[in-house]
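Visitor: What follows is a protein structure lacking sequence information:
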């Protein structure tokens, strides 16, 4: 795909419901100065500008004070939050992983659920798109990617990587075969799978870890559990995939000021506000942004993961 992809992740999504937009100079835009606020668009839920009292520059720093992450004087670091900021842990089924421990584990200036490489609190690797949980999503038959475990027992979701001609399973010994068991694809998930998994899926991803990112050459679907070096800074290491988002997943709608996977702020023209596919918009630096036990991710409230 070329090294230019590493700088191509941008704010905004193209109008067909897939993530995209116009690249910024830095490639990865900072969080909006207002973590909440209502923007134009009719989809999802929204909140009016001015509801948030804390601001953030995307690295856990209160923009008004300039305090660094971990400082005890910053509003962002002293607030008790459900969003993974300021050292307040967010757990996944009772276990606190790297994307919920309140630390900038990979030293990129983005911590926990502010980090674009974090797929939610059930993620133990801030430096890549892999979850880093031993055995998680290492199966040829993928279940719900975002629930913190492998196996279809709790969610009923199933997608065989060996049926995808884009060969996303090449790094986990699940190379494309196109065998007879693939004749009836897509899998047409049961309603129970959709109801279980979709509430945890970031906008722009399907239920099985295939997410769309924007590059200078256009949107590309990448499999999150690709090579361990697969990240926003190294998209060349990512395996491509065939999105199953129409079968199970969460499209991203830029016209509704949604924040797509791999981005940190709404598209231009949203004035810092956004809407959410489900749940309410939130500010991870505010303690009461989300209901009890819910977590704030990509500016939206998500339900507690099952772990």
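Guide: Cool, got the structure. The shown structure was predicted, so the numbers you read here are calculated from the model rather than taken from an experiment.
Visitor: Any stretches of this protein with poor pLDDT?
Guide: 1-88, 151-154, 180, 184-187, 272, 287, 307 (pLDDT under 70).
Visitor: Which stretches in it count as strands?
Guide: Under the criterion DSSP state E, the chain contains strands at 45-46, 141-142, 159-160, 205-206, 210-215, 218-223, 249-250, 275-276, 295-297, 300-302.
Visitor: Pairing partners for the second one, with directions?
Guide: When sheet partners are counted by DSSP bridges, strand 141-142 sits next to strand 159-160 (antiparallel).
Visitor: which residues does the closest residue to residue 279 other than its chain neighbours contact?
Guide: Using C-beta to C-beta, 6 or more residues apart in numbering and skipping residues adjacent in sequence, the residue nearest residue 279 is residue 301, 4.0 Å away. Glycine gets a C-beta too; all of them are placed from N, C-alpha and C. By C-beta atoms under 8 Å, 6 or more residues apart in numbering, the residues touching residue 301 are 276, 279, 280, 281, 282, 289, 290, 291, 294, 295.
Visitor: Quick check: beta-bridge partners of residue 301?
Guide: residue 296.
Visitor: and of the strands of the chain, who's closest to residue 95?
Guide: With C-beta to C-beta, the closest approach to residue 95 among the strands of the chain belongs to strand 295-297: 13.8 Å.
Visitor: elements contacting the closest one?
Guide: Here strand 295-297 touches strand 300-302, going by 3 or more C-beta pairs under 8 Å, 6 or more residues apart in numbering; DSSP states H and E.
Visitor: quick one, helices of the stretch 51-200 of the chain?
Guide: Counting by DSSP state H, counting those that start in this stretch, the stretch 51-200 of the chain has helices at residues 75-78, 191-197.
Visitor: picking up where we left off before, most neighbours per residue, which of the strands of the chain?
Guide: Most buried of these by mean neighbour count (mean count of other C-beta atoms under 10 Å) is strand 205-206; its value is a mean of 29.
Visitor: which other helices and strands contact it?
Guide: Packing contacts for strand 205-206, counted by 3+ C-beta pairs under 8 Å, 6+ apart, involve strand 249-250.
Visitor: let's see 6 Å
Guide: For strand 205-206, not one helix or strand is in contact under the criterion 3 or more C-beta pairs under 6 Å, 6 or more residues apart in numbering; DSSP states H and E.
Visitor: Need the phi and psi values for residue 304.
Guide: phi -60, psi 130 (degrees, to the nearest 10).
Visitor: ok, now which ones touch it?
Guide: residue 293 (C-beta atoms under 6 Å, 6 or more residues apart in numbering).
Visitor: i'd like the first residue to be 4 from this point on
Guide: Shifting the count to begin at 4 puts that one at residue 307.
Visitor: related to what we said a few turns ago, among the strands of the chain, which is nearest residue 180?
Guide: The closest of these to residue 180 is strand 162-163. By C-beta to C-beta, the value is 9.0 Å.
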